[in-house]
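A.B. asks: Build me a structure from this.
(2 chains)
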Amino acid sequence: MSDAETLTTTAEPTAPSSATAPAPRRGRRGEEITKILFVVPAALTIIALFGYPVVKNLVMSFQNYTLRTFINGKAPWVGLQNYATVVTDELFTKALVNTALFTIGSIIGQFVLGMLLALFFHKNFPLNGVLRALFLLPWLLPLIVGSAAWRAILEQDSGVLNVTLENLGLIDAPIPWLTSPDVALIAIILVNIWLGIPFNLTLLYSGLQDIPDELYEAGALDGATGWKAFWNITWPNLRAVVSVVLMLGVIYTLKVLDIILGLTQGGPANATQTIALMSYQRSFVEFKFGQGAALSNILILISLVFAIVYLRATRRQVDE
Amino acid sequence: MVTQQQRVAAHRRTGRGLRTALAIVLLALMLFPVYWMLNISLQPSGGTLPSSFFPTHPSLAGYTTAIQDQGQNLVTSMLIAVGTVVLTLVIAAPCAYALAQFRFRWISWALLVILISQMIPGIVIANALYTLYENIGLLNSIPGLIIANAANAVPFGILIMRSFMLAVPTSIVEAARVDGAGLVRAFLSIVVPISRNSLITVGLFAFLFAWSDFIFALTLTTKGNITPVTLGIYTYLGAHISNWSAVMATAMLASIPAIILLVIAQKYIAAGATGGAVK
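C.D. replies: Numbers count the residues shown, from 1 in each chain, chains lettered A, B, ... in the order given. I've put the predicted structure just below:
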């Protein structure tokens, strides 16, 4: 960068008389190089932090890459063995089902609540902007902070949720939210819904704002108000935004790690084990990097399916 | 007629007042976990969790312990976050401008790559960076974590700043060029000041991304000499929690940047929240 700057600034004084003449050819080529230099740092970053990891993961997933590799530098080629090992692991099916349940449950909850809130805030009322902005707070907090707060709320014996439910007479015995295999997955889905509401609210709200008022005015003349207006005017016009919100939601939720580690660490009895968590544990707890890489590649493959749908949806949105 | 209108207006006003009231109730529900964090952080407690709704006998003991245990970690997080902001802006701003104004033929490909890169799971990056850092000695280092955090912030920053820089009029840049300014100088002295708002938005989000990072903190540190505060909270959160008020006090301290930014920089936050995903 600084090289490029000195290059152009020193080049200028040499041709002060030709200021009005078209730029000399050598200057043009220098300028093309400078233009490329604007992109080089970012291109290198993306190659180093995305290109390299994707390729490295792919290669590692075909190697017996363990802690020993760091000592003797040897990572023997094992073909598809890592994939075979992780897929036939009895945990894998459970993790896959949990990932699906966690993703579907989170997305439905976040989307429905986010949509209701977006419609609620779409009406004009005092303090609307300030109150809506404050809804963003859970999204801006570190995920591990959110997890800590919910650990306190969901605590079995003296957590405020159980205490309140008992005082209201809704339950007889405290519910072991995070320590029973029957409810732990539901509990982490609830926490993830809480975290996802701001994102859904914000994007859906800005989508609603982009629908012209005239459409509603014209619809009202034809008797389309309330639910009718929602199904006939709002929903069709919001469809592009909705598909973007849902696809991004799925892609973000598939890779969630922080909340599960903060709340349950995959337990109890693997009730909250997911593919992303399994990948983390293989790599960084058991130091079987080859198997961890295989799992994370499976995760990328699943994301990729949704990414393609997402890219088609955004392209359609751009075309419209 | 007039009274009829007045009645309708009054009716509408109460309706709007009711909406505000309902919005406040919903917001209170939404922010309850944050209140609960504050509440417990101010109550004297050890291994048992207090369940009273107000800190009737407030105590700062939790904060004293938190600062003793985690003060250094807060400083570490601050250094990493500031470093990430600087690195992100230096890398992403020129690229955003180039993709907005230079008419390269491959721009749509570049944008596609940037969009896809945002979908790569953090664990994939962590997996590869761990082995790389182990070899080049960046494991357990602040620069190592700054670079890893740039992975989250750079693609986002390019997209946000590019959509803003598309609107920079080419005529002002050209006027400066006629006056003899090189591309780099025109960028630094004209484009950057005009695009200040988008740079602030990206800077704030880069800060929040890095401050909130947990996955890189967890995977790219092994010795315990470099501990960002998120990792400190995670260690506190082990299977059995022995000091609830200290945990919640640390969580509150770790929430301060988000709260400050939401209060003083609301418009930038709103710009980043919608711009990053759709554009």
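A.B. asks: Give me the neighbour count for the residue in the stretch 51-200 of chain B that chain A sits nearest to.
C.D. replies: Closest residue of the stretch 51-200 of chain B to chain A, C-beta to the nearest C-beta: B:G182 (3.0 Å). Every C-beta, even on glycine, is put in place using the N, C-alpha and C of the backbone. Using other C-beta atoms under 10 Å in any protein chain shown, B:G182 is surrounded by 23 other residues.
A.B. asks: so it touches A:T34, yeah?
C.D. replies: Yes. Proximity of B:G182 to A:T34 meets the contact threshold set by C-beta atoms under 8 Å, at 7.2 Å.
A.B. asks: Which residue is the nearest non-sequential neighbour of the residue of the stretch 201-320 of chain A found nearest chain B?
C.D. replies: For the stretch 201-320 of chain A, the nearest residue to chain B under the criterion C-beta to the nearest C-beta is A:K255, separated by 3.8 Å. Distances taken as C-beta to C-beta, 6 or more residues apart in numbering or on different chains put B:P121 closest to A:K255, at 3.8 Å, once the chain neighbours are dropped.
A.B. asks: likewise B:M161?
C.D. replies: With sequence-adjacent residues excluded and distances taken as C-beta to C-beta, 6+ apart, B:M161 is closest to B:A96, at 3.5 Å.
A.B. asks: One more: A:L127?
C.D. replies: The shortest distance from A:L127 to any residue other than its chain neighbours is 5.4 Å, reached at B:T20 (C-beta to C-beta, 6+ apart).
A.B. asks: cool, and B:I120?
C.D. replies: In space, and not counting its chain neighbours, B:I120 is closest to A:F50: 5.6 Å by C-beta to C-beta, 6+ apart.
A.B. asks: That neighbour - that's part of a strand, no?
C.D. replies: No. Remark: A:F50 does not belong to a strand; assigned using DSSP: H, G, I helix; E, B strand; the rest coil, it is helix.
A.B. asks: Counting by contacts, list what the longest helix seen in chain B packs against.
C.D. replies: Longest helix in chain B by number of residues (criterion: DSSP state H): helix B:61-101. The contact analysis (3 or more C-beta pairs under 8 Å, 6 or more residues apart in numbering or on different chains; DSSP states H and E) places helix B:61-101 against helix A:25-46, helix B:32-41, helix B:107-117, helix B:142-165, helix B:196-212, helix B:229-236, helix B:244-264.
A.B. asks: Let me have these in TSV, extended by distance to A:F120 and mean neighbour count.
C.D. replies: Rendered in TSV, the data for the helices and strands packed on helix B:61-101 read as follows (distance: least, C-beta to C-beta, whole Å; neighbours: other C-beta atoms under 10 Å in any protein chain shown):
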stretch	distance to A:F120	mean neighbour count
helix A:25-46	39	16
helix B:32-41	18	21
helix B:107-117	31	16
helix B:142-165	27	24
helix B:196-212	26	23
helix B:229-236	33	23
helix B:244-264	20	22
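A.B. asks: For my notes, please list the ones you listed in JSON lines and give mean pLDDT for each entry.
C.D. replies: Putting these into JSON lines (pLDDT from 0 to 100) gives the following:
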{"stretch": "helix A:25-46", "mean pLDDT": "84"}
{"stretch": "helix B:32-41", "mean pLDDT": "94"}
{"stretch": "helix B:107-117", "mean pLDDT": "87"}
{"stretch": "helix B:142-165", "mean pLDDT": "93"}
{"stretch": "helix B:196-212", "mean pLDDT": "93"}
{"stretch": "helix B:229-236", "mean pLDDT": "94"}
{"stretch": "helix B:244-264", "mean pLDDT": "92"}
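A.B. asks: closest one to A:I71 among the ones you listed?
C.D. replies: Between A:I71 and the helices and strands packed on helix B:61-101, the tightest spacing by C-beta to C-beta is seen for helix B:142-165, at 20.8 Å.
A.B. asks: Chain neighbours aside, what residue packs nearest to A:G109?
C.D. replies: Per C-beta to C-beta, 6+ apart, closest to A:G109 is A:I193, 3.6 Å.
A.B. asks: quick one: low-confidence parts of the stretch 1-150 of chain B?
C.D. replies: B:1-3, B:8, B:47 (pLDDT under 70).
A.B. asks: ok, A:G169 - how many residues close by?
C.D. replies: For A:G169, the number of neighbouring residues by other C-beta under 10 Å comes to 7.
A.B. asks: what about stretch A:60-73, start to end distance?
C.D. replies: Distance across stretch A:60-73, first residue to last, is 13 Å (C-alpha to C-alpha, to the nearest Å).
A.B. asks: what angle do the longest helix of chain B and helix B:196-212 make?
C.D. replies: Angle, helix B:61-101 to helix B:196-212, by axes from the mean of the first three to the mean of the last three C-alpha atoms, to 10 degrees: 140 degrees.
A.B. asks: so how far is helix B:61-101 from its chain's centroid?
C.D. replies: Here the centre of mass of C-alpha atoms in helix B:61-101, compared against the chain's by C-alpha atoms, centre = their mean, to the nearest Å, lies 9 Å away.
A.B. asks: Where does pLDDT dip in the stretch 51-200 of chain A?
C.D. replies: Counting by pLDDT under 70, not a single residue of the stretch 51-200 of chain A qualifies.
A.B. asks: Helices along that one, start to end?
C.D. replies: Taking DSSP state H, counting those that start in this stretch as the test, the helices found in the stretch 51-200 of chain A are A:52-60, A:67-72, A:81-88, A:90-122, A:128-134, A:137-140, A:143-154, A:160-167, A:184-209.
A.B. asks: anything in the fifth one near chain B?
C.D. replies: Just to be clear, that refers to helix A:128-134. Yes. Judged by C-beta under 8 Å from any C-beta of the partner chain, helix A:128-134 and chain B are in contact via A:N128, A:L131, A:R132, A:A133, A:L134.
A.B. asks: Please apply the same query to the third one.
C.D. replies: No. Counting by C-beta under 8 Å from any C-beta, chain B has no neighbours in helix A:81-88; the shortest distance is 12.5 Å.
A.B. asks: residues near A:L248, how many?
C.D. replies: By the criterion of other C-beta under 10 Å, A:L248 has 23 neighbours.
A.B. asks: So it, which state does it fall into?
C.D. replies: In the three-state summary, A:L248 is assigned as helix, counting by three-state DSSP.
A.B. asks: Likewise for A:Y280?
C.D. replies: A:Y280 - assigned by three-state DSSP - is helix.
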